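S.K.: I would like to see how this sequence folds:
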Amino acid sequence: MEQGWANDVVLSRHIGDGIMLIAATVVIHSAGTLLIVWTVFRFRQLIERHFGFVHNTAIIMGVVLALLGVHLAEIGAWAAFFSYKQCFSNFDTSLYFSIVTYTTLGYGDVLLNEEWRLLGGVEALIGSLMMTWSTAVILGVITRIYSRRKELWSGERDLS
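M.R.: Sure thing, here's the model as predicted:
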C-alpha cells in the first residue's frame, strides 16, 4: 500500500515538472517567434525595396535559422532540467537525449529511468507542437513573399 502512495507522490511531482517544462517551452517559442515576426515586420520596407529571388531566399533562410535557434534553446532548457535532476551522467548526454526526443527521432540508445520516463513522451509531444508552430511562421513569411511577387507580376501585366 505504501509503495503505491509513494508512486502517486512521485507521479504528481513529475506532472508538475512536465507542466513547468511545457510552460517554459511555450514561453521560449512565443518570445522567439514574436522577435522573428517583429524583425521581419520592422524591416519590411527594406525587404520590399530589394525584392528578388536571392534576397527572398536569404530572408526565408534567416527565418528558418532563427527558428532553429529557438528550438535549440527549448531543447537546451529540457536538457538543463534533465541534467539538474541528474537523469543522466552529464549535460552532453542530457542534451543528446533531449534533441533526439524533442525531434521524435528516438534512437533509443539513451533512455530515462522508470521514474522520469513519462517526461520523454511529454518532450516529444511538445517538440512536435513547436515544430508545427514554426512551420506556420515559415508558411506565413513565404505566403507574404509570394503574395508580393504576384502583386508585382500583376502590375507588370497591367503596364503591357
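
S.K.: Spatially central, which residue of the protein would that be?
M.R.: Geometric centre of the chain, nearest residue: His71, 3.5 Å, by CA atoms, centre = their mean.

S.K.: longest single helix anywhere in the chain?
M.R.: The longest helix of the chain (DSSP state H) is helix 117-159.

S.K.: helices and strands around that one, which ones?
M.R.: On a contact count with 3 or more CB pairs under 8 Å, 6 or more residues apart in numbering; DSSP states H and E, helix 117-159 meets helix 2-42, helix 53-84, helix 91-102. C-beta coordinates here come from the backbone N, C-alpha and C atoms, glycine included.

S.K.: dump the residue contacts of the residue lying closest to Lys85 once chain neighbours are set aside.
M.R.: Setting aside the residues directly before and after it, Lys85 is nearest to Trp116 in space (CB to CB, 6 or more residues apart in numbering), at 7.0 Å. Applying CB atoms under 8 Å, 6 or more residues apart in numbering, one finds that Trp116 lies in contact with His14, Phe82, Lys85, Cys87.
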